[in-house]
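Asker: One predicted model, sequence on top.
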Amino acid sequence: MSSTPQSPLRFKTQKALSQRLVLSTLTGRAVHISQIRPASHTNPGLAPHEISLLRLFEAVTNGSNIEISYTGTTLLYQPGLITGSTPGAGASGGVIRHELPAGCTRGISYFLLPLCLLAPFSKAPMNVLFTGSGVITSATAVGDMSADSVRTAILPLYANFGITNNIELRILRRSNAGTNGKGGAGEVQLVFGHQIRLPKTIHLLKSGRVKKVRGVAYCTGVSASNNARMIEAARGVLNPLVGDTYIFSDVSSAPFLPQLNKSDPHGKKKIGIGFGLSLVAESSVGCLFSADLASPPSGGVTPEDLGQHCAYQLLETVSLGGTVSLAAAPTMLILMAMGSEDVGRLQIARDILGTDPIISLGRDLRAFGASGWGIREATDEGTEMVVSVVGRGVGNVGRKIA
Amino acid sequence: LYGTRNRYRAADLARMLYDDSLSPTEVVRRWRGEEEVEDVGLDPEGGTENNEDENFFRKASKVDEDDLEERSIMKYDYDALAQKWRDPDTLEELRHRFTTVNLSEEKR
């Protein structure tokens, strides 16, 4: 960080908001984001989940400053130092409790993925308990992966960068998305106790072959037979290709929440009923590909269909190739960019590299001062590309000072 | 012939990646060698002529708003996926990505 105050970087629209906030916090550069849903008549400005994310960032940092305009369409975020769960700064007993409001429509992975990116660069270990009537641990229709996939397909990726110890994601209570996709009342705790100066430079050029598939079938508040039906359907698709398929089954009752209702003030209501499936394929060299699908809040999907569709999604992800899936690519590329000033290489499928979010990420990284990506073909067929990323060498500001 | 020659070239993407005159969506489309889509084609109402009045009073499209939200899982058309992966030939093509592939037979 330079000592002279820099003017905030200016962005428009809510696009990649969480990613930009992460980059801002990691690089210590303030951001000014305008035109956040200006045309929406019903919900202009920042959405509940985005406000919650800002609150979370505020809780794990020291000295952050957030200014939101009256309409919520403009945001100024000045990041502080990433302190993690240091006692005295909002954490009690080393745990930060973060409550999500009932109106939250995004799955918990929307919060977990950015938080995991901040955690290695924190001053103290990160220990955050997500609770409240807005925690959806399942996959959602708006494109979030389930908490299970974060645990089995994203957290292991950090080992590539030398971040291995004391990382745990506990799913304490499950929940699917509630009515209209809002709220869930699950409970999730993230413990991220490995803080480093700089992530290691990686060279991931071999994807290997898929040798096994693991998965979790979960159902909350519905019959356990749904799990068995999902698993059977998914296995039916995968068995001809992988012999080693094992899908765990997790059955839990739905969270029981007090319902504020005039006619019945002591009434309670079950929310977050549904089922879903998370599948992770692991290759012989440890690359992970994940697929996620959960029953929509409106219902009307049979577990058989869901299991099959999830398996098809997994096949599609595997067929793209590369060493990372689309869900994991931003995490990998951001960590590479934050590494030491050395060239790291990552083989990535061209259909993942050539997507809107990844191209935007490349541009955002450059805007935050990272160097540009080098791109070359990996093979003669050209279905896979090698992205070379030079690290920024900023690393952990908090640990330098401490 | 046109379009197949220059598709997916790494050099093209490297050149367009940081060209701020193109939006990320445009970069993707050009890199994939897809035909330029005219504005009329993108019109959700579909098939309107280049009538200035109609263009002027066009509603802000709702689709764009959805595209701005972050997703970690792509939107899939599951019927199309099912059709694709029910085909035994596609499955066999994918087999080389799995350890169950028979390498000795492949070489023959």
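Answerer: Thanks, I have the structure now.
Asker: Please make it C-alpha for all contacts and neighbour counts, starting now.
Answerer: Noted.
Asker: and the residue lying farthest from the centre of chain A, which of the three is it?
Answerer: Going by Cα atoms, centre = their mean, the residue of chain A most distant from its centre is residue A:263, 39.7 Å out. Here residue A:263 is recorded as coil under DSSP: H, G, I helix; E, B strand; the rest coil.
Asker: Specify which residues of the chain, grouped into ranges, have pLDDT under the cut-off.
Answerer: In the absence of a named chain, this looks at chain A. Low-confidence segments of chain A (pLDDT under 70): A:1-4, A:88-90, A:397-402.
Asker: Let me rephrase: I mean chain B.
Answerer: In chain B (pLDDT under 70), the answer is B:1-6, B:35-66, B:105-108.
Asker: ranges for the helices of it?
Answerer: Using DSSP state H, the helices of chain B run over residues B:10-17, B:24-31, B:39-42, B:52-56, B:62-68, B:78-86, B:88-94, B:103-107.
Asker: Mind giving me the packing neighbours of the first one?
Answerer: Under the contact criterion of 3 or more Cα pairs under 8 Å, 6 or more residues apart in numbering or on different chains; DSSP states H and E, helix B:10-17 touches helix A:356-367, strand A:374-377, helix B:24-31.
Asker: buried stuff in the longest one?
Answerer: In terms of neighbour count (16 or more other Cα atoms under 10 Å in any protein chain shown), helix A:356-367 has its buried residues at A:356-365.
Asker: what does stretch A:374-384 give?
Answerer: Quick answer for stretch A:374-384 (16+ other Cα under 10 Å): A:374-378, A:383-384.
Asker: Can you name the residues in contact with that stretch?
Answerer: A:321-322, A:347-351, A:385-389, B:8-11, B:13-14 (Cα atoms under 8 Å, 6 or more residues apart in numbering or on different chains).
Asker: Can you check the distance spanned by that stretch, start to finish?
Answerer: 14 Å (Cα to Cα, to the nearest Å).
Asker: Stretch A:286-306 now?
Answerer: Terminal-residue distance, stretch A:286-306 (Cα to Cα): 27 Å.
Asker: swap in stretch A:32-49?
Answerer: End-to-end span of stretch A:32-49 (Cα to Cα): 18 Å.
Asker: can you list the residues that contact that stretch?
Answerer: A:8-14, A:71-77, A:100-101, A:103-106, B:60, B:65.
Asker: Pretty sure residue A:389 sits in a strand.
Answerer: Yes - counting by three-state DSSP, residue A:389 is part of a strand.
Asker: need the contact list for it.
Answerer: A:333, A:336-337, A:343-345, A:371-374.
Asker: For these, which entry has the maximal number of neighbours?
Answerer: The residue in these with the most neighbours, by other Cα atoms under 10 Å in any protein chain shown, is residue A:337 (30 neighbours).
Asker: Among the contacts of stretch A:32-49, which lie within strands?
Answerer: Under the assignment DSSP state E, these contribute A:9-12, A:75-77 to strands.
Asker: Spatially, which two of those residues are the most separated?
Answerer: Farthest pair in the ones in strands among the contacts of stretch A:32-49 (Cα to Cα) is A:12 and A:77. Separation: 13.5 Å.
Asker: Comparing those two, which shows the higher neighbour count?
Answerer: Here residue A:12 and residue A:77 are set side by side on neighbour count (other Cα under 10 Å), and the busier one is residue A:77, at 22 against 15.
Asker: so what's that one bridging to?
Answerer: residue A:31, residue A:66 (DSSP bridges).
Asker: Quick check, it in contact with residue A:65.
Answerer: Yes - checked against Cα atoms under 8 Å, the pair residue A:77 and residue A:65 is within contact range at 5.9 Å.
Asker: Contact residues of chain B facing chain A?
Answerer: With Cα under 8 Å from any Cα of the partner chain as the criterion, chain B comes near chain A at residues B:8-11, B:13-14, B:17-18, B:24-25, B:28, B:31-32, B:60, B:65, B:68-76, B:78, B:81-82, B:85, B:91, B:94-100.
Asker: Any quick ChimeraX command for the buried ones out of those?
Answerer: This is how ChimeraX selects the buried members of the residues of chain B next to chain A, with burial counted by 16+ other Cα under 10 Å:
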select /B:8,9,10,13,14,17,18,24,28,31,32,68,70,71,72,73,78,81,82,85,91,94,95,96,97,98,99
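Asker: In contact with residue A:166, which residues are there?
Answerer: Counted by Cα under 8 Å, 6+ apart, residue A:166 has contacts A:191-194.
Asker: what separates it from chain B, distance-wise?
Answerer: 25 Å (Cα to the nearest Cα, to the nearest Å).
Asker: And that residue, how close does it get to residue A:74?
Answerer: From residue A:166 to residue A:74 the distance is 38 Å (Cα to Cα).
Asker: Which SSE is immediately downstream of the helix or strand containing residue A:247?
Answerer: Following DSSP states H and E, one finds residue A:247 within strand A:245-252. Next in sequence after strand A:245-252, counting helices and strands by DSSP H and E, comes strand A:256-258.
Asker: Residues touching that next one, excluding its own?
Answerer: So strand A:256-258 is in contact with A:133, A:185, A:266-271, going by Cα under 8 Å, 6+ apart.
Asker: Make a ChimeraX selection of the buried ones in these.
Answerer: Buried subset of these, written as a ChimeraX selection, criterion 16+ other Cα under 10 Å:
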select /A:133,185,270,271
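Asker: Among the contacts of strand A:256-258, which lie within strands?
Answerer: Reading strands off those with DSSP E, I get A:268-270.
Asker: could these go into TSV alongside distance to residue A:243?
Answerer: Listed next are those as TSV, based on distance: Cα to Cα, whole Å:
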residue	distance to residue A:243
A:268	45
A:269	42
A:270	39
